[in-house]
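Model the following, please.
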Amino acid sequence: MRFAIIGAGNMGGALARGLAKGSLVRTADITVSDPSCERTDALCREFPEMKVAADNKVAVKNADVVLFAVKPWLLEGVIEEVKGEMDYDNQVVVSIAGGVGTKQICQYLDRGDAGFPAVYYLIPNTAVDVMAGMTFMTSVFSTAEMDAQLLAVFKELGDAMLVEERLMNAGMALSSCGIAYVMRYVRAATEGGVELGFYAKDAQRIIMQTMKGAVELLAAGGAHPEAEIDKVTTPGGLTIRGLNAMEEAGFTTSVIKGLRASVKS
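Numbering: from 1, shown residues only. The predicted structure follows:
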């Protein structure tokens, strides 16, 4: 499967690196196009077999999957630039432009010949770079075989879900925006660790391992988070005092409000 990635910014670069580290797409079958030579040169230094192009029209030729990794307000212009060069019968279109759904993407792709390629709207997060991402996917004009192939590719970059389009914005809040929310917790807990006496780098190391352990516990046993919380909250103990103090400060309410605020209306 040959990928053309249009855009080598934070997400485009992360996807290029993740795909190159995987086993389902050969590095030599990845072409990245970006007006910034600095970005594409950096990718080539890391993955010498990866192809780069300064011209988007050149990049899309011979690709099986054309992945648009550009800002939402740039998507229409970039598609307009390359759609005349594309083979809608044999190419798949993927867009990761947040908030631009399949209906809008198809309007951008319309060439007036009543035909459309398979169109996918994806919401990944930056952890695809280290093959630990979470990707949400929805599609139109696709087949079950196409869905399965792309799902396998993105599952290799962490995990991936094929969902109804109505859930894409919620997925963005939970996972794409969610990366930032988790990082903010790490920052806050690190600051707390410094107040308790640890150096910042040591506090962050402790928190990262603790988060990893919490995730592994949930993944291994499939337990509800409260079941694991119950194991460490003894009557009158320190943990329950800490949890209650966090809730008094609005911990759960703040998380839910943050998620709701980040869902595009």
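
List the contacts of residue 194.
Residue 194 makes contacts with 200, 203, as judged by Cβ atoms under 8 Å, 6 or more residues apart in numbering. Any C-beta I mention is one placed from the backbone N, CA and C, and that applies to glycine too.

and the gap between it and residue 92?
As judged by Cβ to Cβ, to the nearest Å, residue 194 and residue 92 stand 49 Å apart.

Over to residue 82?
Using Cβ to Cβ, we find residue 82 at a distance of 14 Å from residue 92.

what touches both of the two?
The contact lists of residue 82 and residue 92 share residue 66, where a contact means Cβ under 8 Å, 6+ apart.

For the chain, give me the ranges with low pLDDT.
114, 264-265 (pLDDT under 70).

Domains in it, by residue range?
Under the assignment automatic domain parsing, the domains of the chain span 3-163, 171-261.

Please work out which of those is packed deepest.
Using mean count of other Cβ atoms under 10 Å, the stretch among those with the greatest mean number of neighbours is domain 3-163 (a mean of 18).

ok, residue 154 - contacts?
So residue 154 contacts 122, 124, 128, 133, 135, 137, 160 (Cβ under 8 Å, 6+ apart).

sorry, that was for residue 16
5, 8, 30, 32, 43, 47, 50.

What is the distance between the helix or strand hosting it and the centre of its chain?
Residue 16 belongs to helix 10-21 when assigned by DSSP states H and E. Once both centres are worked out by Cα atoms, centre = their mean, to the nearest Å, helix 10-21 turns out to sit 10 Å from its chain's centre.

Kindly report the same for stretch 69-76.
Worked out by Cα atoms, centre = their mean, stretch 69-76 lies 16 Å from the chain centre.

same deal with stretch 35-51?
Stretch 35-51 sits 21 Å away from the centroid of its parent chain (Cα atoms, centre = their mean).

List of residues touching it?
8-9, 13, 16-17, 20, 26-28, 30-34, 52, 54.

got it, and stretch 136-145?
Against stretch 136-145 from outside (Cβ under 8 Å, 6+ apart): 92, 102, 106, 116-124, 146-147, 150-151, 154, 160-165, 167-168, 171-172, 175.

Let's see which of the residues you listed end up in strands.
Secondary structure from DSSP state E places 92, 118-123, 160-162 of the contacts of stretch 136-145 in strands.

Specify which member of these is nearest to residue 209.
Proximity of these to residue 209 was ranked by Cβ to Cβ; the top entry is residue 160 with 26.3 Å.

ok, back up a step: which is the next helix or strand following the helix holding residue 16?
strand 30-33.

Quick one: the helices in the stretch 1-150 of the chain, in order.
10-21, 37-46, 56-60, 72-82, 102-109, 144-155 (DSSP state H, counting those that start in this stretch).

Give me the phi and psi for residue 112.
The phi and psi values for residue 112, taken as degrees, to the nearest 10, are phi 80, psi 0.

And the ones in strands among the contacts of stretch 136-145, which is closest to residue 261?
residue 123 (16.9 Å).

do you know how far that closest one is from residue 161?
The spacing between residue 123 and residue 161, counted by Cβ to Cβ, is 10 Å.

which residues touch the nearest residue to residue 67 once chain neighbours are set aside?
Closest residue in space to residue 67, ignoring its immediate chain neighbours: residue 94 at 4.3 Å, by Cβ to Cβ, 6 or more residues apart in numbering. Counting by Cβ under 8 Å, 6+ apart, residue 94 makes contact with 65-68, 120-122, 150.
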